[in-house]
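Asker: Please find the sequence and the predicted model below.
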Amino acid sequence: MNSSLTQPISQQAAILPSFLVPDSAQPSLCLALISFFLCNFTTTYTHPSLPYLRLLLAVPAFYGCWSYGYSDAFGPLPNRVVGLGMAFLGSYGMMKMFEICVMGFWNREEDWPKWVKLQTDQERKEGKRREIISFTPTVLGRLAYSLDLATAGGSSWYRGRAWDWAAPAILNQHAQSLPRFQFFLQSLVFLIRAFLLVDVCESILASRTWDTTRPQPLTGDGIPMLMQLVFATCVCARTMVGTSFTYTFFGMMFGLVMNTPSTAFPPMFNRPFASRSLAEFWSSKWHPIYRRPFHQLSSGIISLFIFFSSSSSQKTRILARRDVKIFRSIIVFTLSCLLHLLHLKALPTDAIHPYPSFFNTAGMKFFLSQPLGIAIEVLFVRPFTESLPDRVKSAVRRGFAWAWLLWSGRFFADIWFARGLLDHTERDIIYSPVRGILKGQWRID
């Protein structure tokens, strides 16, 4: 898959990989987007034949997503980061189509996503219910609803509203949009800080030559544990910034040129370094891109498990709330593991990067260790610390969460190194203030 990812274009950096996608890949993306939009449009009508129409529309949508993300017909790609981004977008599109066309096959009219009004601080304090905003039942109103849903990540292009399935961080943002220039400056400051952080991380990672012929270049090369943690932190921070950089850039430009409300582009991450627990980090602090499809898939699996595990005479819930939390985390991280391994399948193997295309132990160690950590946290850490003073309790819980994340983050870094995503040719920047000041190496060739 994407075997054309060979020689990178040396004069290009991938901090904005969307601009490096080949033009020949755009028709596949357009086919998927149009099919996705039409599926959303049909949800604004009620007719018994529409679920079957959505299943029919899913065929070109799935084809477009798979072709965009995993086809090798687009010629040489600039670098591996671009190929990974295309695979991510393609698989995300397939998940959204599965959610609407398959899981939504039996949806009733009231089950489809709805706009809700963003609340003021006073309304939230008073505990008022969120007001539902209905779309105008005209062709233009249905088009507006469909377009917003097709391109939404929970927020809305329209002022003062979001989608009812959005993450709490999006629903709880202030109803009043920032002034255009203030939003521009805020985004610009973030991009500058993100650029400097990426430069620091890349400078630290470039201080060592990595043996990517090993299946675990970080954890299996005799590097001291402290340095493993430093390198793993740099890899994870670089990945987090890379995920939000393009998003913030486009948000800034849409706000400046089209006066799009700032509420349409809330921060991708919700202060993850302030997480008080491992469960909080993954459920509400990390990015919410997969939140809805993973939640729906895990809820369906849990419902089936409860149904078939209950006696026919007494359909009572057999899982306690604590057990459901652990069971859901196992399902979600198993799905996340398979999805991320599918993303990495788009990257080729060669003599320098002989790592397996799909199943690999480092990937499974990282993703499948997270539900284990949440189970330990729920079953042991929380009960043990419940009677402690608040400050001590908070410190112990935070300490466990970050110790687990740092320890398991080493396996995540192994994947990135082994698959060539941190090679010197896969740089995010061309000019380096850090290396320029320290070594006189201002341009990264």
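Answerer: Received, thanks. Predicted, not measured: the structure shown is a model, and the values here were computed from it. Residues are numbered from 1 along each chain as shown.

Asker: Every contact and neighbour count from this point should use C-alpha atoms.
Answerer: Will do.

Asker: Does the residue lying closest to residue 382 once chain neighbours are set aside belong to a helix, a strand or coil?
Answerer: Distances taken as Cα to Cα, 6 or more residues apart in numbering place residue 397 nearest to residue 382, at 7.5 Å, with adjacent residues excluded. Under DSSP: H, G, I helix; E, B strand; the rest coil, the three-state class of residue 397 is helix.

Asker: Going along the chain, name the strands of the chain.
Answerer: Secondary structure of the chain, counting by DSSP state E: strands at 115-117, 132-133, 161-163.

Asker: if we can go back for a sec, neighbours around the residue nearest to residue 382, how many?
Answerer: Residue 397 has 20 neighbours, counted by other Cα atoms under 10 Å.

Asker: contacting residues for it?
Answerer: Residue 397 is in contact with 276-277, 381-382, 385, counting by Cα atoms under 8 Å, 6 or more residues apart in numbering.

Asker: That one and residue 371, how far apart?
Answerer: 16 Å (Cα to Cα, to the nearest Å).

Asker: so what's the closest residue to residue 407 other than its chain neighbours up against?
Answerer: Nearest non-adjacent residue to residue 407, counting by Cα to Cα, 6+ apart: residue 229, 7.1 Å away. In this structure, residue 229 makes contact with 406-407, 409-410, judged by Cα under 8 Å, 6+ apart.

Asker: do residue 409 as well
Answerer: Taking Cα under 8 Å, 6+ apart as the contact definition, residue 409 lies against 229, 232-233, 236, 366.

Asker: Which one (most neighbours) among these?
Answerer: When the contacts of residue 409 are compared by neighbour count (other Cα under 10 Å), residue 232 ends up highest, at 26 neighbours.

Asker: That residue is in contact with residue 415, isn't it?
Answerer: No. Under the criterion of Cα atoms under 8 Å, residue 232 is not in contact with residue 415, lying 10.8 Å apart.

Asker: quick one: low-confidence ranges for the stretch 1-150 of the chain?
Answerer: For the stretch 1-150 of the chain, residues meeting the criterion pLDDT under 70 lie at 1-16.

Asker: And the helices in it, which stretches?
Answerer: Counting by DSSP state H, counting those that start in this stretch, the segments of the stretch 1-150 of the chain that form helices are 26-42, 50-70, 80-97, 121-125, 139-150.

Asker: rewinding a little: among the strands of the chain, which comes closest to residue 323?
Answerer: Of all the strands of the chain, strand 161-163 sits nearest to residue 323, with 28.7 Å by Cα to Cα.

Asker: for that closest one, what is the average pLDDT?
Answerer: pLDDT averaged over strand 161-163 equals 92, rounded to a whole number.

Asker: what's the offset of it from the middle of its chain?
Answerer: For strand 161-163, the distance from its own C-alpha centre to the chain's C-alpha centre is 19 Å (Cα atoms, centre = their mean, to the nearest Å).

Asker: How about it, which residues are buried there?
Answerer: 161-163 (16 or more other Cα atoms under 10 Å).

Asker: Need the residues that contact it.
Answerer: By Cα under 8 Å, 6+ apart, the residues outside strand 161-163 that reach it are 113-118, 154-156, 170-171, 175.

Asker: if you look at the contacts of residue 229, which of them are in helices?
Answerer: Cross-referencing the contacts of residue 229 with the helices (criterion: DSSP state H) gives 406-407, 409-410 as the overlap.

Asker: can you pick the most crowded of those?
Answerer: residue 410 (26 neighbours).

Asker: Nearest to residue 211, out of the ones in helices among the contacts of residue 229: which one, please.
Answerer: Comparing those against residue 211 with Cα to Cα places residue 410 closest, at 15.3 Å.

Asker: Report the contact partners of that closest one.
Answerer: Under the criterion of Cα under 8 Å, 6+ apart, the neighbours of residue 410 are 218-219, 228-229, 231-232.

Asker: Would you format those residues as JSON lines with distance to residue 443 included?
Answerer: Written out in JSON lines, the entries for the contacts of residue 410 read as follows (distance: Cα to Cα, whole Å):
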{"residue": "218", "distance to residue 443": "27"}
{"residue": "219", "distance to residue 443": "30"}
{"residue": "228", "distance to residue 443": "27"}
{"residue": "229", "distance to residue 443": "28"}
{"residue": "231", "distance to residue 443": "23"}
{"residue": "232", "distance to residue 443": "25"}
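
Asker: got the contact list for stretch 329-339?
Answerer: 91, 294-295, 298, 363-364, 367-368, 370-372, 374.

Asker: middle-most residue in this protein, spatially?
Answerer: The chain has residue 289 as the residue nearest its centroid, 4.2 Å off, counting by Cα atoms, centre = their mean.

Asker: check contacts around that residue.
Answerer: Under the criterion of Cα under 8 Å, 6+ apart, the contact list for residue 289 reads residue 153.

Asker: quick revisit: among the helices of the stretch 1-150 of the chain, which is nearest residue 282?
Answerer: Each of those has some distance to residue 282 by Cα to Cα; the shortest is helix 80-97, at 18.3 Å.

Asker: can you count the residues close to residue 124?
Answerer: Neighbours of residue 124 using other Cα under 10 Å come to 13.

Asker: which of the residues in the longest helix seen in the chain are buried?
Answerer: If you go by DSSP H, the chain has its longest helix at helix 225-258. By neighbour count, and taking 16+ other Cα under 10 Å as the criterion, the buried residues in helix 225-258 are 228-229, 231-238, 240-246, 248-249, 251-252, 254-256.

Asker: Also stretch 279-287?
Answerer: Along stretch 279-287, these residues count as buried under the neighbour rule (16+ other Cα under 10 Å): 279, 281-282, 284-287.

Asker: same question, stretch 292-299
Answerer: Under the neighbour-count criterion of 16+ other Cα under 10 Å, stretch 292-299 has 292-294, 297-299 buried.

Asker: Take those and lay them out in CSV including distance to residue 29 and pLDDT.
Answerer: Rendered in CSV, the data for the buried residues of stretch 292-299 read as follows (distance: Cα to Cα, whole Å; pLDDT from 0 to 100):
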residue, distance to residue 29, pLDDT
292, 22, 84
293, 20, 84
294, 23, 86
297, 25, 83
298, 28, 83
299, 29, 81
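
Asker: excluding its backbone neighbours, what's nearest residue 299?
Answerer: The spatial neighbour of residue 299 that comes closest, neighbours along the chain excluded (Cα to Cα, 6+ apart), is residue 328 at 7.7 Å.

Asker: Next, count neighbours for that neighbour.
Answerer: Other residues near residue 328 number 20, with proximity taken as other Cα under 10 Å.

Asker: In contact with it, which residues?
Answerer: Taking Cα under 8 Å, 6+ apart as the contact definition, residue 328 lies against 298-299, 302.

Asker: ok, it to residue 94 distance?
Answerer: To residue 94, residue 328 is 22 Å away according to Cα to Cα.

Asker: before we move on, what about residue 202?
Answerer: Remark: distance between residue 202 and residue 94 (Cα to Cα) = 33 Å.
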